Each structure stands twice: as structure tokens, then as C-alpha cells.
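[1] structure of the sequence below:
(one chain, ligands or ions: 1)
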Amino acid sequence: MALLIIGSQWSEEFAAAARALNSGLDIRVWPETGRIEDIRYALAWGPPVGVLKTFPNLELIISVGAGVDHLMKDPELPDVPIVRYVDPDLTNRMVSYLVLHVLFHQRRMCEFLELQRERKWEFRPEPGTHEVRVGLMGLGVMGEATAKALKALGFQLRGWSRSERNLEGVECFAGQGGLDAFLSGTDILVCTLPLTPDTRGIINRDLLSKLSQHGRHQRMPGPVLINAGRGALQIEADILAALDAGELYAASLDVFEVEPLPASSPLWSHPRLIVTPHNAAESTPEAISRYTLRQIRRHQAGEPLENVVDRARGY
Ligand code: GLV
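    Predicted structure coming up:
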């Protein structure tokens, strides 16, 4: 019985961490599969299309990421359960990224960094957290945990999700019908949506133009976008156009249409845009291997798996 680790640039690190846990499991790293009949489990990140179906005894796929679009793009994905990676370590990393960037823009830090480069001492008024409405697009594990952390800092919160949610202290909106109302009361849009056929390209000029301009009266120069979901949720040319037109004050992007972000991309040098290299929430070798072995143990014991993906829903 073997676990195959496939696709991630950190596969060897994951394997070393998993071996250190002494599970007794035979751990292999693709493409060194050994006998393909031995492979029962796969820990995968963007495996080459068509490869997973070549393991005749595969019983379970564990996603290296919380998102599973990197698996769903394989039209021949074998029909075995897929488990998403959901872990307090991953969630905490995402929450700290999102809180950092919300605070960064609420405190107008792009401007202060520019002033520093120019050696200019200039006071600029900033809104209090209670004056800023953060809109969370995506109310999954990460969105919900981020709402709690931002609430503690005094921000006003609203949330949007595919289906109705009810979260304490968060004004919730759902579905296509609730989207415009959600956007019209949002100063800082924080996106942790999964990538599905329904959400592809959702962050476009039209959506950005519906964000609240009301924040301008509260000392914030305009709406902000923070995307730590997936790059294919966004149309980057639209984000740049909205920034240049002043419809958007600033943005932080952790994910991109093409990753790594090409050196030629104009996103790198926009003064109101923070670029990070898809590092908002790292799946660390220790945490992901612990999680993987726990799911395998549950599977072997006939216990229910955790965080099983609903293929029809796409996440
Ligand atoms: C990372 O992108 C993840 O899906 O966890």
C-alpha cells in the first residue's frame, strides 16, 4: 500500500515530513511510482492531466490545497473521493494574510510607502476600522475565520456566498440576486472564493464598478480589492483599468491568471498594487503530511473522511 505524492514543487519535502511520522506507509514521489498497482492514495497538486487515472487501485485523492480546481481540470480524474486540505495552520496563515492586507489599505500604506521613497513627511487622515465595511466574497472556512478576526478589530462586515449563510455579526448576502447589494456596501472586497465554472472571471470591471464609493467620504480614497482565492477569478486588465480610472483605490493580489506572474506584467509596478507570490496560505510539509496521514487512517478504519469535495459543486 503506497501513497504517491505528485505535482507539488515541494513533493520531496512533503514526503520527508510524512516519512518522519512513521506511519508504516510506503511513500513515493512521482514520477518514481514503482509498481503502479501499489498506489492506493495520492497527495496531489496540479498533477499532469490523465496521470491519476493510470493507477488502477487508487482509492483516495488528497488535495495539497484548500482549492481543488487544480484537480478538476483533469477530465479523466478517477471517480474516487477527493479530500480538500482544511487545517487550522492553513486557515491561520490565510487569516493573517487577509488581516494584514485589509489593515495595510485601511491605513493607506501604499501612499505612505510612496511618501517615504520621496522622503516626504505628510500627514494623511485615515478611516477608523469602524468606518470601513469589509465584504468577504466566499464564506467558507477561511472567510468565516477572517470575519472573526476582522470583527475583533472593529471593522463592519458583510459576506457573500453561493448559498445562504448566517454568520453572527456579518451581514450576509447570497447568490447572483444578492451580489449587487453586497458590493454596493463594500469598501474593501476580500475574495477567497473557489474557482468553479460559475466564479471564473467574476472579478471584472463591471463588478469592481459596483463597489461602494461611499468610503471616500470616510477618509478612505476609494474601494480596495484583495484576492487570495484563485487568479482565474480575476480579469487583470480590468483591475488595472479600474485602478487607473480611480474606481479602485488599491489592490493586493496573491493569485494571478498566469503563475508565476510573468516579469513583463504591468501588475508588478503599479504603485497601488501589492503583488505576493501565491504565498497567502502555505501548505507546510508538517501540517499537510499530518493531515494526509489522518485521512488515510480514517479511510482504512472505515471512518468518514473529512472535507470531502462535492464534484457537482466543484469544491
Ligand atoms: C492554495 O492555493 C490552496 O488552495 O490552499
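[2] any idea how many residues pack against the residue in the stretch 51-200 of the chain that the ligand sits nearest to?
    Residue nearest to the ligand within the stretch 51-200 of the chain (Cβ to the nearest ligand atom): Gly65, separated by 2.5 Å. Just so you know, the C-beta spots here come from the backbone N, C-alpha and C atoms, and that holds for glycine as well. Residues lying near Gly65 (other Cβ atoms under 10 Å) number 20.
[3] Trp45 is in contact with that one, correct?
    Yes: using Cβ atoms under 8 Å, Gly65 makes contact with Trp45 at a distance of 6.3 Å.
[4] low pLDDT regions in the stretch 1-150 of the chain?
    Scanning the stretch 1-150 of the chain for pLDDT under 70 picks out nothing.
[5] that older thread, SS state for the residue of the stretch 51-200 of the chain closest to the ligand?
    Here Gly65 is recorded as coil under DSSP: H, G, I helix; E, B strand; the rest coil.
[6] now for the closest residue to it other than its chain neighbours: which residues touch it?
    Nearest non-adjacent residue to Gly65, counting by Cβ to Cβ, 6 or more residues apart in numbering: Tyr85, 5.9 Å away. Residues in contact with Tyr85 (Cβ atoms under 8 Å, 6 or more residues apart in numbering) are 62-66, 283, 288, 291, 307.
[7] swap in Ile226?
    Contacts of Ile226 by Cβ under 8 Å, 6+ apart are 98, 101-102, 105, 188-191, 251-253.
[8] gap between it and Val190?
    Using Cβ to Cβ, to the nearest Å, we find Ile226 at a distance of 5 Å from Val190.
[9] quickly list what's touching both of these two.
    Shared contacts of Ile226 and Val190 (Cβ under 8 Å, 6+ apart): 98, 102.
[10] what's the closest of the contacts of Tyr85 to Ser264?
    The closest of these to Ser264 turns out to be Gly65 (Cβ to Cβ; 26.7 Å).
[11] show me what contacts that closest one?
    The contact partners of Gly65, by Cβ under 8 Å, 6+ apart, come to 45, 84-85, 283.
[12] run the last query once more with 10 Å
    For Gly65, the contact set (Cβ atoms under 10 Å, 6 or more residues apart in numbering) comprises 8, 44-46, 71, 84-85, 90, 230, 278, 281, 283, 288.
[13] same check on Ser163?
    Contacts of Ser163 (Cβ under 10 Å, 6+ apart): 139, 174-175, 313.
[14] tell me the SS of it?
    coil.
[15] isn't Val134 right next to Thr186, touching?
    Yes: between Val134 and Thr186 there is a contact under Cβ atoms under 10 Å: 7.3 Å.
[16] so what's in contact with those two at the same time?
    The contact sets of Val134 and Thr186 overlap at 156-159, 224 (Cβ under 10 Å, 6+ apart).
[17] for the residues you listed, give me TSV that also has pLDDT and distance to the ligand.
    Output for the shared contacts of Val134 and Thr186, formatted as TSV (pLDDT from 0 to 100; distance: Cβ to the nearest ligand atom, whole Å):
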residue	pLDDT	distance to the ligand
Gln156	98	28
Leu157	98	23
Arg158	98	24
Gly159	98	20
Val224	98	21
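[18] can you show me the CA trace of the helix or strand encompassing Asp89 as PDB?
    Assigned by DSSP states H and E, Asp89 falls within helix 88-106. Backbone C-alpha positions of helix 88-106 (Å, rounded to 0.1, in the frame of the first residue of the first chain) are rendered in PDB as follows:
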ATOM      1  CA  PRO A  88      -6.000  25.300  11.400                       C
ATOM      2  CA  ASP A  89      -2.400  26.000  10.300                       C
ATOM      3  CA  LEU A  90      -3.600  26.800   6.700                       C
ATOM      4  CA  THR A  91      -6.500  28.800   8.000                       C
ATOM      5  CA  ASN A  92      -4.400  30.900  10.400                       C
ATOM      6  CA  ARG A  93      -2.000  31.700   7.600                       C
ATOM      7  CA  MET A  94      -4.800  32.900   5.300                       C
ATOM      8  CA  VAL A  95      -6.400  34.900   8.100                       C
ATOM      9  CA  SER A  96      -3.100  36.600   8.900                       C
ATOM     10  CA  TYR A  97      -2.500  37.400   5.200                       C
ATOM     11  CA  LEU A  98      -6.000  38.900   4.800                       C
ATOM     12  CA  VAL A  99      -6.000  40.900   8.000                       C
ATOM     13  CA  LEU A 100      -2.500  42.300   7.100                       C
ATOM     14  CA  HIS A 101      -3.700  43.500   3.700                       C
ATOM     15  CA  VAL A 102      -7.000  44.900   5.000                       C
ATOM     16  CA  LEU A 103      -5.100  46.900   7.600                       C
ATOM     17  CA  PHE A 104      -2.500  47.900   5.100                       C
ATOM     18  CA  HIS A 105      -5.000  49.500   2.800                       C
ATOM     19  CA  GLN A 106      -7.200  50.900   5.600                       C
END
